[in-house]
Structures are given as C-alpha cells and as structure tokens.
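Chemist: what follows is a predicted protein model with its sequence.
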Amino acid sequence: MIEELHSTIPPANRRNRSTSFTILLVLVGASIFLSLGYIIGVWMTVSTSSQTTFDDFVSAFPDVLNGTPTDYATFEDVLTSIRSRFVFDVPKDRDLYYGALAGIVASLQDPYSAFFNPEITDEFNTELEGEFDGIGAEIGFKDGQLVVIAPLQDSPASLAGLRPNDAILTIDGVDSAVLTLPEAVSKIRGPKGTTVTLDILRENNGTPFSVSVERDTINIESVTWEMGENGIGYIQITNFDANAESGFDNAVRSLIVQDPRGIILDVRDNPGGFLDASVHIAAAFLPSADDVVVVERFRNKEEKQYQAGDQAGMLTDIPVVVLVNGGSASASEIVAGALKDHERATILGETTFGKGTVQDLEEFGDGSSLKLTIAEWLTPDGNSIDAHGIEPGVTVEFTQEDRDAERDPQRDSAEELLLQP
C-alpha cells in the first residue's frame, strides 16, 4: 500500500490516503492482517472488478483456504441456506459480497478499520472535503463502549447538548453493544430534516437520558482566526480536513502582519483528519526542518519519521498555548504531542482522547474502499498516547456551569499565561 502523505491532489481523487482519524459522523452525516494477509490480498484483487459476482468470490475460497474442503463446504452451506431458507428478501449478490468483505474486516475487532461499499465510499470522500448530511459529531469506541468523541462546533449534535465522552447506549432503541462502528454510523446518519434518538450516559451522571437530534447539512469551516484587542492571536482548528492546511496558512499570514504577542491554537473537540495536515500545521511552530513531528511504527516495527521540512520556522518566535480537551483526538494529538515534546508550546486544558493509530484508506476499482489501521504513531520523544491521551502541562477544567454562563476559562487562562511579562 502506498501512502500519499504530502500530495496536493484533492482527497476525492487520491487512491490511497493515510489519515489519523476515527470514523466521523462526518460519516454519520456519512473499523487481520495477523495471519490472514494472503486472504486479504486475494479479496482485494477480486474487489477491483466491477463485474465480480458472489459466486466468483466463493470460487476463490479453495485456494485461499489452502484447499481445505471442510472450510469451503461450511461457507457454501451457509450461503445455500441463506438463499433457500431465509424468511425475508435475500439481499442481492452484490450486497452479500460486500457484506462478506465487511465481516472479514470486522473480525479484526479494530474499531478504526472498516470496509466501505461504493456508496459509503462516496459519502466518506464528500465528508472529508467538508460537507455532509448528519448530526455533526464523531463517534468511536473507548474501552469497548460507543462514545461521542467530539461534536462539531455549532452542529446539531453540539446544539442538542452532546459532549465528548458521552456514552451512546442506544440508537433509535437499538442497543449499541450489538453494533459495529459502521453499523452505528449507518443508524445515526440520515437525510437532512430527519431525527435520530440517542440514549446517553454522561460521565459523573448515573442516570441515562434521551437526546433527539435533527439531522442537517453540515458545512465544516475547519479553520477560523481572530486577533484580540490584547494582542493575542487565536486560531481554532475544528477538523484536519482537506481545507485545513490552506486555512491555517491564511490565518498565519493574517495574524503575523499584526505582530501578535502570542498565539492560542485551539484544537478542542477536534477529532482529527489527514495526517499530512497535522504535520504541516505543527511544523510551522518548529524552528528546524529536521525537527520530527511524528513517528509511525508499523507491524514489522519499522518506523517512519515525519519532519517539519520547508514549513518550519514560520512561527518560531511567538509564544504559543495549545488548548486541548477530551474531544481532541488523533491529528489533534499529533500537533499537541509534537509541540509539547519540543517544548515549543504550553498544553492547556484537559487530557486528550488517546487515539494513537493511523488508518490508510485504499480505494478499489469498483468504488469500494478499505480503511485499515496500518500503524501506531508516537510523539517525537517516542511516547505512545493510544488509550492514554496527552496530559496538559496546565490543567484547567471546562464545567457545565461554564457552558451555561458562556464562559471559557481555558481560553481565558491561555490569554493570561501569554500576557505575563
């Protein structure tokens, strides 16, 4: 698999893309290698033909299973039984075929790897480009529980009161414990104007409650910025999508001519996105092109370093505070981890989500795709944050009382820190 980490080709036209995201309700508005590498290789080859039938798929099994007749017979028996005895309408061969591929990937028990049929692949590409229908939140699994990782700012999910780490118990009455992540995504997403009801269990609140969210078209403005009257520049990145790099560069150009006393980089409730976007943005704060931003470690323990490169040196003389919370995941953690390890910024807020793996999205000739966890990532000092998160250097909580009063104690604390003589 070839990773196009620094390509400027728009996402919809890229065949392989490495990302540091979990499934977005960016999907909801749209997760084997092990000893089965050979099986994956065979089925990937089969999936490149749009003319493949389910029987063609089945015919590959004797070779894939080393000619073991018992294993193949069981598979064929199951298929025959479904076709002859299932009480409801049997899906088309095409859907059975894609369902089998999805089952293969689901057997990895990795919440971040998933097989997408052509229709969901199209939705996924559209969502990564910044617009989709849904509730505007990211979901994922944490300690085996389906949770909200981050609601997007001003999205239906955010306006309905959903918060990072809210546990999703049911989706329209269906127990989330029996759902895979793609299945949960499929149940939550839907057309604009329709409603989904979620049963939620919140941290420090032992009583579940229901939230009804009306789906809408979500337009993601991934980067916003402003210069405060106190001379502190503020850059908020809500998603490391296809527009994040250019948006960040525009923000930097706008702020730099105003000679800021300091910069607040806000990646709270940012669920991640493209790896190359996180490298691009972190690099701007580092002094040397040789400074390491992130390290990928693959299954064979080989490592690949991503360095600051030509982007280095843009903002090296300006004090920086990075705002994080429990909704800061993946690419957000790459940025925060790099600036923390290089002692280039103060990390302020709350412990981040803790997603330290990288997914590659590989698209096939029939329009389907495989999102597969191919590596874990480490901070420049070699630290893994998977399931642990990044601890802030300065801890400042953001409480419900703060939300109700429309206060932002984390941003206020960052400004105070930057204004110190």
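Modeler: In hand now; what should we look at?
Chemist: gap between Phe75 and Ser107?
Modeler: Going from Phe75 to Ser107 by C-beta to C-beta, to the nearest Å gives 14 Å. Every C-beta, even on glycine, is put in place using the N, C-alpha and C of the backbone.
Chemist: other SSEs contacting the strand ranked longest in the chain?
Modeler: Ordering each strand of the chain by length in residues (DSSP state E) puts strand 369-378 first. With contacts defined as 3 or more C-beta pairs under 8 Å, 6 or more residues apart in numbering; DSSP states H and E, the packing partners of strand 369-378 are strand 114-116, strand 292-297, strand 357-363.
Chemist: format the CA atom coordinates belonging to the second one as CSV.
Modeler: This means strand 292-297. Provided in CSV are the C-alpha atoms of strand 292-297 (Å, rounded to 0.1, in the frame of the first residue of the first chain):
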residue,chain,number,x,y,z
VAL,A,292,10.5,15.4,14.0
VAL,A,293,6.7,16.0,14.2
VAL,A,294,5.5,12.4,14.5
VAL,A,295,6.8,8.8,14.1
GLU,A,296,4.8,6.0,12.5
ARG,A,297,5.6,2.5,13.7
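Chemist: after that strand, next one along is what?
Modeler: Counting by DSSP states H and E, the next helix or strand C-terminal to strand 292-297 is strand 303-307.
Chemist: which neighbours in the sheet does that following strand have, and how are they oriented?
Modeler: strand 292-297 (antiparallel) (DSSP bridges).
Chemist: give me the angle between the partner strand and strand 369-378.
Modeler: Following axes from the mean of the first three to the mean of the last three C-alpha atoms, to 10 degrees, one obtains 120 degrees for the angle between strand 292-297 and strand 369-378.
Chemist: chain center to strand 292-297: distance?
Modeler: 18 Å (C-alpha atoms, centre = their mean, to the nearest Å).
Chemist: got the contact list for that strand?
Modeler: If you take C-beta atoms under 8 Å, 6 or more residues apart in numbering as the criterion, strand 292-297 is touched by 275, 278-279, 282-283, 286, 303-308, 334, 337-338, 358, 375-380, 382.
Chemist: swap the cut-off to 7 Å and go again
Modeler: For strand 292-297, contacts defined as C-beta atoms under 7 Å, 6 or more residues apart in numbering pick out 279, 282-283, 303-308, 334, 338, 358, 375-378, 380.
Chemist: pLDDT on that strand, on average?
Modeler: For strand 292-297, mean pLDDT is 97.
Chemist: where along the protein do the helices fall?
Modeler: 37-47, 54-59, 61-64, 69-85, 93-106, 118-128, 156-159, 181-188, 244-256, 275-283, 331-341, 400-404, 409-419 (DSSP state H).
Chemist: got the angle for the longest strand of the chain vs helix 118-128?
Modeler: Using the same axes, to 10 degrees: strand 369-378 against helix 118-128 is 50 degrees.
Chemist: report the distance from strand 369-378 to the chain centre.
Modeler: 11 Å.
Chemist: repeat that for stretch 82-96.
Modeler: That offset, for stretch 82-96, works out to 33 Å (C-alpha atoms, centre = their mean).
Chemist: so which bits of that stretch are buried?
Modeler: Asp93, Leu96 (16 or more other C-beta atoms under 10 Å).
Chemist: could you export the helices and strands packed on strand 369-378 as a markdown table, including mean neighbour count and distance to Met314?
Modeler: Formatted as a markdown table, the helices and strands packed on strand 369-378 follow (neighbours: other C-beta atoms under 10 Å; distance: least, C-beta to C-beta, whole Å):
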| stretch | mean neighbour count | distance to Met314 |
| --- | --- | --- |
| strand 114-116 | 26 | 36 |
| strand 292-297 | 22 | 14 |
| strand 357-363 | 22 | 25 |
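Chemist: could those go into CSV alongside distance to Ile347?
Modeler: As requested, the helices and strands packed on strand 369-378 are arranged in CSV below (distance: least, C-beta to C-beta, whole Å):
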stretch, distance to Ile347
strand 114-116, 31
strand 292-297, 15
strand 357-363, 21
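Chemist: of the ones you listed, which is nearest Thr80?
Modeler: strand 114-116 (23.6 Å; C-beta to C-beta).
Chemist: just checking: what are the partner strands of the closest one?
Modeler: Here, using DSSP bridges, strand 114-116 pairs with strand 369-378 (antiparallel).
Chemist: the partner strand vs helix 93-106, what angle?
Modeler: Orientation check (the same axes, to 10 degrees): strand 369-378 against helix 93-106 gives 10 degrees.
Chemist: how many residues are close by Gln145?
Modeler: Residues lying near Gln145 (other C-beta atoms under 10 Å) number 14.
Chemist: wait, which of the helices of the chain is closest to Gly140?
Modeler: Of those, the one closest to Gly140 (C-beta to C-beta) turns out to be helix 181-188, at 6.9 Å.
Chemist: now that closest one against helix 118-128, angle please.
Modeler: Using the same axes, to 10 degrees: helix 181-188 against helix 118-128 is 80 degrees.
Chemist: chain center to helix 181-188, what's the gap?
Modeler: That offset, for helix 181-188, works out to 15 Å (C-alpha atoms, centre = their mean).
Chemist: could you give the mean pLDDT of it?
Modeler: In the prediction, helix 181-188 has an average pLDDT of 85.
Chemist: C-alpha coordinates for that helix, PDB please?
Modeler: C-alpha atoms of helix 181-188 as PDB (Å, rounded to 0.1, in the frame of the first residue of the first chain):
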ATOM      1  CA  LEU A 181     -18.900   1.100  14.300                       C
ATOM      2  CA  PRO A 182     -20.000   1.200  10.700                       C
ATOM      3  CA  GLU A 183     -23.400  -0.200  11.700                       C
ATOM      4  CA  ALA A 184     -23.700   2.500  14.400                       C
ATOM      5  CA  VAL A 185     -22.700   5.100  11.900                       C
ATOM      6  CA  SER A 186     -25.300   3.900   9.400                       C
ATOM      7  CA  LYS A 187     -28.100   4.100  12.000                       C
ATOM      8  CA  ILE A 188     -27.200   7.600  13.200                       C
END
